[in-house]
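Novice: What follows is a predicted protein model with its sequence.
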Amino acid sequence: MRKNLFYYLFAVLCTATLFTSCSDDDKNGNNGGEGLGLNSFVVGTYNSQLKVFLEGVDLTESAPISQRIYVKSEDENKVMVSLRNFAIDIAGTPFTVGDIVVGGVVLEGDASQVVLQETKATIQHADLGTLDITVSGNVVAEKVNMTINVVQHMPEDPSTTMNIEVKVTGTRISTEADDADYSTVFAGWYPRTENGFTCDYTGEGFELTEPSKGITMVAKGYNKISISSFNVSFPVKPEFGSVISSYKYRSLKTEEVTIEKQADGSFSIGEYKGSIAAVANKREAVEYTISGSISSDKEMTLKINIKSETYNVNYTFVSGVLKTGKELLDVTINEDILAYKPSIVTSSMGGNWIILYAKPDAQAEQLKIVPKLVVSDGAKVFYNGELYNGGVIDCSKTQRINIVSEKDYSEGKTTGEEYIISCGILNFATDLEQWELKNNTDDEDMKYYEPIGGWTTSNPGVEYLKSMSFFTKYDKTKPYAVHEAAVGYSGKAAKLTTLNSSGSTLGMVPYVTSGSLFNGVFITEISNTLKSTRFGQPCDREPKTFSGVYKYTAGEKYYVCPDPKKANVANLDESKTDAPAMNAVLYEVSDYMTDYLDGTNLLDPDNDKIVAIASVKDAGEKAEWTSFNVSFEWKKGISWNASKKYKLAIVCSSSKDGDKFSGAPGSTLYIDDLKVSF
């Protein structure tokens, strides 16, 4: 039980990230602390030893944990302490905890001894109860002594506690507190160059042919890497005579090892020890070690030793510059029609987007633009299956580009890391006349369409259910939630339908999925599907009214999801009748590109970001097209402030409680001519 409590205690610290206070990024990682107060004697990177005690029992008695502690500046006499990717082995079972970050630690004392004043924080956890955290310590002559104490008050009896104590001792090795994760920076393929691989063995007939091309490094977590299997030429014992070529080399690899930044800006690669079994009369058993370094310009050097009963050979591999990335590093579009600089967005599910925002008067022809794309060194860009070297891309519709690494391109590949280009027009209006295919597939059952101009739907979520039908039980032949309606109020319209999405035993698969239409982007977040909807677009004008036309039919049976965390469970409630939702929400942001509201908080009345809402409150069943025109209602004491940044979201749904996974399957909302007036 204590093992479990230890794990969950620190897991919750990782999840909560323990910010007692947080400074702006530009104040963190101050080099050397020039011009600071006590910070100049504290800020930096510490090579540390960690002793961990659970109720006084030393979990690290056999060996302390070697790990770095980072101290960053918040102001002249206040710092943030970071312990990244904390992990511990308990009775042979490894527990990876994650990040522990404590801010607002006040410094006292003088140059001879800087005291990290005791700093407290309290977390209320639904399962573990109250967690009291205390951090304290001191730095004397470049050496840190610190204690992180956690007291858990048991949920069933708060007077009963569990105590964990982490004692930290370490030496400052740098005045730079760089706790960035470099595993992805250095991951990739390192090509073998001429004279880039040598060894100290020169026996007759021996040829150093492998590795013939290069070595691949893989990111394995926070400053952890592995090296994929590669061949190294190794001499054959004479008694074995002439053997097949596959026994003239050894296939080596490393499992997870640590990379650490050094004071000169280079990185060390931790030593890995491995072994390979013998093959009778063909190959000797060997033991090998691999370690190395990476220079600041990404040149990798590996030191390799392979030892058998007969031979002991040392190798050195020095690569050329890493040229294996397939990332889009920056995008620039010198077009007056865009309102803001493009943004690159990446999902936790692995998808990538280039988000563009066009000015309100943008016309389709003006959105045929030439982007300047900066990609990983050596990578190539493919557009519509062809090598892209600059040219017009029609951004009035969703487009896709592929970034292909130099290694993959050399092997003839034309697909790599895909980036979806999405452009929203900031006029906050749509007549729903133009729709486009959003998923490039030959499978007719999987195809779906959405309106152009920065409008999206809940269809990407349904696509995921279809693609994972083995688990979700929602067959690909079943319908999408949003379709183009050929006959609308004026021309075409959107048809939104609430689905019975099966609600498999997986809690993430809802029983009820409502059809929704909104301005913004849908980026799948499977851990919480409501976070997939990133509502709204930048708005620099005061909105006055929200208008449109609709008609609606409620489904026959209404289902209530009692706990949105268990979306697969819904109970029939014959007392309820479904209704649509049509809302426009103005909310404040700190940054147009990275700040947004989603399905978990868009209509939360207690959300301080929300400043005004225009809502069709009396919406219900309407057999004929019905107009609405509602004014924005501002929160008490709040008014438009031109100096602030806002986003404006227009969201329509076939079930008003769809964000709670409740509604009546079959409920159908037709919507047309949506518009916000200013």
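Specialist: Perfect, I can see it now.

Novice: Could you report the neighbour count for Leu356?
Specialist: 26 (other C-beta atoms under 10 Å). Every residue, glycine included, has its C-beta placed from N, CA and C.

Novice: Quick check: it touching Ser422?
Specialist: Yes: counting by C-beta atoms under 8 Å, Leu356 sits close enough to Ser422 to count as a contact (6.9 Å).

Novice: Between the two, which contacts overlap?
Specialist: The overlap between the contact sets of Leu356 and Ser422 (C-beta atoms under 8 Å, 6 or more residues apart in numbering) is empty.

Novice: sec struct for Lys466, please.
Specialist: Secondary structure state of Lys466, per DSSP: H, G, I helix; E, B strand; the rest coil, is helix.

Novice: Not counting its neighbours along the chain, what's nearest it?
Specialist: Using C-beta to C-beta, 6 or more residues apart in numbering and skipping residues adjacent in sequence, the residue nearest Lys466 is Lys476, 4.1 Å away.

Novice: pretty sure that neighbour is touching Tyr464, no?
Specialist: No: Lys476 lies out of contact with Tyr464 (C-beta under 8 Å); the separation is 11.1 Å.

Novice: quick one, which of these two is more surrounded?
Specialist: Tyr464 (18 against 15).

Novice: Quick check: closest non-adjacent residue to the more buried one.
Specialist: Closest to Tyr464 by C-beta to C-beta, 6+ apart is Thr524, at 5.7 Å.

Novice: residue contacts, that neighbour?
Specialist: 347, 349, 351, 460-461, 464, 532.

Novice: Out of those residues, which one has the lowest pLDDT?
Specialist: The lowest pLDDT within those belongs to Met349, with 58.

Novice: low-scoring pLDDT stretches of the stretch 151-300 of the chain, where are they?
Specialist: 155-156 (pLDDT under 70).

Novice: Looks to me like Val232 is in a strand.
Specialist: Yes: assessed by three-state DSSP, Val232 belongs to a strand.

Novice: and it, how many neighbours?
Specialist: Counted with other C-beta under 10 Å, Val232 comes out at 23.

Novice: tell me which residues of stretch 509-524 are tucked away?
Specialist: 509-524 (16 or more other C-beta atoms under 10 Å).

Novice: tell me the mean pLDDT over it?
Specialist: 90.

Novice: starting at the chain centroid, how far to it?
Specialist: 20 Å (C-alpha atoms, centre = their mean, to the nearest Å).

Novice: C-alpha coordinates for it, CSV please?
Specialist: Output of stretch 509-524 as CSV, limited to C-alpha atoms (Å, rounded to 0.1, in the frame of the first residue of the first chain):
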residue,chain,number,x,y,z
VAL,A,509,-16.1,6.8,-26.1
PRO,A,510,-19.4,8.7,-25.5
TYR,A,511,-22.8,7.1,-25.7
VAL,A,512,-24.1,10.4,-27.1
THR,A,513,-22.2,12.5,-29.6
SER,A,514,-23.9,15.8,-30.6
GLY,A,515,-23.4,17.4,-34.0
SER,A,516,-21.6,20.7,-33.6
LEU,A,517,-20.4,23.6,-35.9
PHE,A,518,-18.0,26.3,-34.8
ASN,A,519,-15.3,28.6,-35.9
GLY,A,520,-11.9,27.4,-34.7
VAL,A,521,-10.1,24.2,-35.0
PHE,A,522,-10.7,20.6,-34.0
ILE,A,523,-7.5,18.9,-32.8
THR,A,524,-8.1,15.5,-31.4
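
Novice: show me the contacts for Val509.
Specialist: Contacts of Val509 (C-beta under 8 Å, 6+ apart): 465, 471-474, 501-503, 567-568.

Novice: for Leu597, same thing?
Specialist: Contact analysis of Leu597 by C-beta under 8 Å, 6+ apart lists 535-536, 585, 587, 607, 609-610, 647, 649.

Novice: Mind listing the residues bridging to it?
Specialist: Phe535 (DSSP bridges).

Novice: Can you give me the distance of it to Tyr587?
Specialist: Distance, Leu597 to Tyr587, using C-beta to C-beta, to the nearest Å: 6 Å.

Novice: And for Ser229?
Specialist: Per C-beta to C-beta, Ser229 is found 51 Å from Tyr587.

Novice: And Ser275, by the same measure?
Specialist: As defined by C-beta to C-beta, Ser275 lies at a distance of 59 Å from Tyr587.

Novice: For Leu674, which non-adjacent residue is closest in space?
Specialist: Spatial nearest neighbour of Leu674, chain neighbours left out: Gly548 (4.3 Å); criterion: C-beta to C-beta, 6+ apart.

Novice: rewinding a little: please say which of Ser275 and Tyr587 ends up with more neighbours.
Specialist: Shown here are Ser275 and Tyr587; by other C-beta under 10 Å, Tyr587 has more neighbours (24 against 9).

Novice: ok, now which ones touch the more buried one?
Specialist: 536, 597, 607, 609-611, 646-647, 649.
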